[in-house]
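>>> pasting the sequence and the predicted model now:
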Amino acid sequence: MSRPQTLQLPPSARSRTVTAVLGPTNTGKTHLAIERMLAQPSGLIGLPLRLLAREVYGRIAERAGTDAVALITGEEKIIPKQPRFWVSTVEAMPLDLNTEFVAIDEVQLAGNLDRGHVFTDRILNLRGRSETLLLGSATARPLLEKLIPGLNVVTRPRMSILSYAGSKKVSRLPARSAIVAFSSDEVYSIAELLRRQRGGAAVVLGSLSPRTRNAQVDLFQNGDVDHLVATDAIGMGLNLDVHHIAFAGNRKYDGYQYRQLTPSEMGQIAGRAGRHTKDGTFGVTGRVDPLDDDLIEQIESHHFDSLKVLQWRNSALDFSSTNALRRSLDLPPREEGLARAPTGDDITALEHLLRDSAISDMAKGAKSVELLWDVCQVPDYRKIAPANHGDLLATIYNHLMRGNAIEDDWFSRQLAFADRVDGDIDTLANRIAHIRTWTYVANRPDWLADPAHWQDVTRGIEDKLSDALHDRLTQRFVDRRTSVLMRRLRENAMLEAEITSSGDVLVEGQHIGNLLGFRFAPDAAAEGPDGKTVRAAAQKALTTEIESRAEKLGKSENSDFVLTSDGVIRWRGEPVAKLSPTDDVLAPAALLLADEHLTGLARDTVQNRLDLWVKAQVDTLLKPLMDLKSGEGLEGLARGIAFRIVEGLGILERQDASDEIRQLDQDMRASLRKHGVRFGAYTIFVPALLKPAPSQLLAQLWALKHGELDMDGMEELPQLSASGRTSIPVNPEIQPALYKVVGFRVCGPRAVRVDILERLADLIRPLIAWKPLDSEVAPPEGAIETGGGFTVTVAMTSLLGCAGEDFSAVLKSLGYRLETKEVQRPAAPKADATEVTPNTAEPAAVEDTPATEAEASAESAVTEVAEASETSAVEQAAEEAPATADAETSAEAPTPETEDAQTVEPTPASEPEMETVTIEIWRPGRHDRRPRGRQDQRRGGDNRKQQGPKGAPGDRRHGKPGKGAPNKGRAGQKPFDGGNRRDKAPKDKPIDPNSPFAALMALKENMGDKDKK
């Protein structure tokens, strides 16, 4: 294995054919070298970066043909059969070629601590037969003239002017700007900012593969983005259409330490601004302080301090032994102007490998030592740790020494770790760094059994990863919509706009917003310096589409509209209007949700159709209420009661209108019933309005009137009618008035549905009115032997879905009073349900009993009379004369089960053991005063007497005057059977056979006939 080396030329022979072309950036030096090489039969050019080598290779191949040009870098080799021209990185320049022309670019890098010794070796020893060009900055001139006596130097002036533009924020940088930072984190953060504010940025890092870098540069060169964020890699000859360079940092890590950029380094980077004859500017941004005057003057005039020394390392190495190799590497330079280069990665790797006894034992003989040094040249692209890199090199050396080639299976397994395109930007960049190592290995001609095959494999993996990385960079840092629109605007082209069926508004195929109903909602990301122009382009499409939508809405069916819980009217799913309150709570207005695009006749069409739908919606769902409001067929007091019901949105508490209700005659009551009104013991209400749809609409209208559609309870309370709940715990955060609107009455800690309260009254009324007619007849369940009161039954608690203290609180809120009484009864294992307190009599399982189960329990325990239409005759009696205490018209015969349970006689064997128990008895409230309730306080209070439930069973004010509970009477006294005299029909007017009184009287007579039998 032979290793080509450059001939060590003596100083007197170094200047042969050599010309140094020196000057600042944008002087056309690289262009001159390409032209001179193409004029020769053969040539070789060395460039500082793989990226730049790729660019120059493309330019030469375009002119000379791909068959005539070879590309050689550490990781890539494209070598046709008979190339005339060779393009290479400086490190990979073939040293065994003998070409007519040789050029070395950026010769000032010979002073670089890391790579400088390679440039110095090429500058001093590599020559073309006819012409050699040394290209670079004038800072290298003194040393070049000193080390190459008789050197011909040509200086070239800059083609354009470079001037300082001061400090600017990143968001205010002009178009075609490149922002320079010195870490990937800084580059990414700046690119993110530019994406949000300026549409995006291309990203160029030194670690990118040429394929990724070229794809990113194309974004900038094509005008897809107006900004480029890069490291100082752009200072090394990348030809970009940059007008302004902004330094976002002025410190860098050079492999040894963090240090300030030198003026010449800043000048090299700033010089990228302005190409050919176009002037350029430079400045600072971010946290970088403005540049001082001396530095500005140096950069603008391109006058920098000259290099002090060039880095040098012996290239004539002795491979006879590892010790001889070390000694040859340690040789110091013997010429003034050269300095021994610091220890590089290759020497560090060599020392690491030689510490392994197995490696040192194998490295015997010139061939083995030379191979060991070649292995140490594998670059550490991964940058994990020197020890990790050294271990990898040791494995490669072992393969080469023991098998003369790296095993294909092992090599394939290493490639598999990088052959994946998932992950984020950093993950893909790391995989590219790994594959670059294996690409370098594959490009060694004798390290693999089939190097050409593996070169194709590694290049394919790198290209795949590069494309994926470019996609990730573009997705993260480029807003395609904004970039495309900006390019079209720069071209002064007419923008094409369209609106999809889903309402997406597209301009030039890019999404800029949505058309929601009749309002255009711009995409926030589309806002920017050109946002106004983009919206103007969409104006025509928006106007046409909105007019079309207005016409369709005007012809739509009612089923195309829906009112949502937040008061928004949606047409085919799109928000088009919002309910707005007026003086009349039942006549809300439709406020259009439209912008300036909906005008003229189209706007009137939409408004008229929405107004018509709102009226139809209210009239349909709230028809009983609207009929009461119109008052057709209602006269006198009936019209007044109807007005009160409408005012309460279908709910009128009986105690608030007791005087007016007492004065209603049967015709007036009948007229109200025709409108769906039900007269209950506690509430005058319209049952049809308790259904879910009317209940929800009423709640919305009430909340709208009070300006609080988002108030507490608006989401859950309107749904209660559909849930089957008969009572719920009261939430103190919810306004009591809202409970009333949806058909619930607040009774202490619970809110009870008003129709359920009436069914509770139906259960209680016969129990209070019951009086024993025969000493041997046991009272029905819940009645007490003396009459005038009741005990709580399972039917009652099941009906309300609550028990214990909550049920007691409900009864108290309805005006009932509690008293306890001790009674004697036979001892039994289980206490009778009618003789214990509600706390012990009711199971916990009744807490959430649905209305259907509760009503079924109530009906089975109390009555078998079903509702014929809206109310039964018995219920109508409760509505008409809620205070009637007639036992015969209110009570029913006890069920057979109850009679059997109450009349079981003890066995004659022995007298049963008796026990004393305490029972809770509930009675109607007395005529005493109590504090005004919340309703009275809201109404200002009227100091009225707060009595028991008006219309509740056994209310003495509606029964026979006198002391004591109604129907209680004295011994032998005939029970009262009159009822409220003011509710009786006049003597000269016969009772209507269709009235509820006639039904009650018939029921009473039937019950009396059964008793006689």
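Yes, it's here.
>>> which element is residue 195 on?
Assessed by DSSP states H and E, residue 195 sits inside helix 184-198.
>>> list the residues that contact the closest residue to residue 752 other than its chain neighbours.
Using Cβ to Cβ, 6 or more residues apart in numbering and skipping the chain neighbours, the partner closest in space to residue 752 is residue 727 (4.3 Å). Any C-beta I mention is one placed from the backbone N, CA and C, and that applies to glycine too. Going by Cβ atoms under 8 Å, 6 or more residues apart in numbering, residue 727 touches 744, 747, 750-753, 756, 800-802, 810.
>>> and with 6 Å instead?
Residues in contact with residue 727, defined by Cβ atoms under 6 Å, 6 or more residues apart in numbering, are 750, 752, 800-802.
>>> do the same with residue 757
Contacts of residue 757 by Cβ under 6 Å, 6+ apart are residue 682.
>>> and the pLDDT at it?
pLDDT, residue 757: 92.
>>> distance check, the nearest residue to residue 358 once chain neighbours are set aside against residue 435.
The shortest distance from residue 358 to any non-neighbouring residue, by Cβ to Cβ, 6+ apart, is to residue 398 (7.8 Å). Separation of residue 398 from residue 435 (Cβ to Cβ, to the nearest Å) stands at 22 Å.
>>> next: residue 325.
With Cβ to Cβ as the criterion, residue 325 and residue 435 are 30 Å apart.
>>> circling back: alpha carbons of the helix or strand containing the residue nearest to residue 358, as CSV, please.
Using DSSP H and E, residue 398 maps to helix 386-403. Written as CSV, here are the backbone C-alpha positions of helix 386-403 (Å, rounded to 0.1, in the frame of the first residue of the first chain):
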residue,chain,number,x,y,z
PRO,A,386,-12.1,11.1,21.5
ALA,A,387,-12.2,7.7,23.2
ASN,A,388,-15.3,6.6,21.3
HIS,A,389,-13.8,7.6,18.1
GLY,A,390,-10.6,5.8,19.0
ASP,A,391,-12.5,2.6,19.7
LEU,A,392,-14.2,2.8,16.3
LEU,A,393,-10.8,3.2,14.6
ALA,A,394,-9.3,0.3,16.5
THR,A,395,-12.2,-1.9,15.3
ILE,A,396,-11.5,-0.8,11.7
TYR,A,397,-7.8,-1.4,12.0
ASN,A,398,-8.4,-4.9,13.4
HIS,A,399,-10.6,-5.8,10.4
LEU,A,400,-8.0,-4.5,7.9
MET,A,401,-5.1,-6.3,9.6
ARG,A,402,-6.8,-9.6,10.1
GLY,A,403,-9.0,-9.9,7.0
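>>> compare residue 325 and residue 435 (neighbour count), which wins?
Legend: neighbour count by other Cβ atoms under 10 Å for residue 325 and residue 435, higher for residue 435 (29 against 23).
>>> which ones are touching the more buried one?
Residue 435 sits in contact with 418, 461-462, where contact means Cβ under 6 Å, 6+ apart.
>>> what helix or strand is it on?
helix 425-442.
>>> any idea which helix is longest in the chain?
Criterion DSSP state H: the longest helix present in the chain is helix 451-477.
>>> identify the residues contacting stretch 413-425?
By Cβ under 6 Å, 6+ apart, stretch 413-425 touches 431, 434-435, 438, 461, 468, 472.
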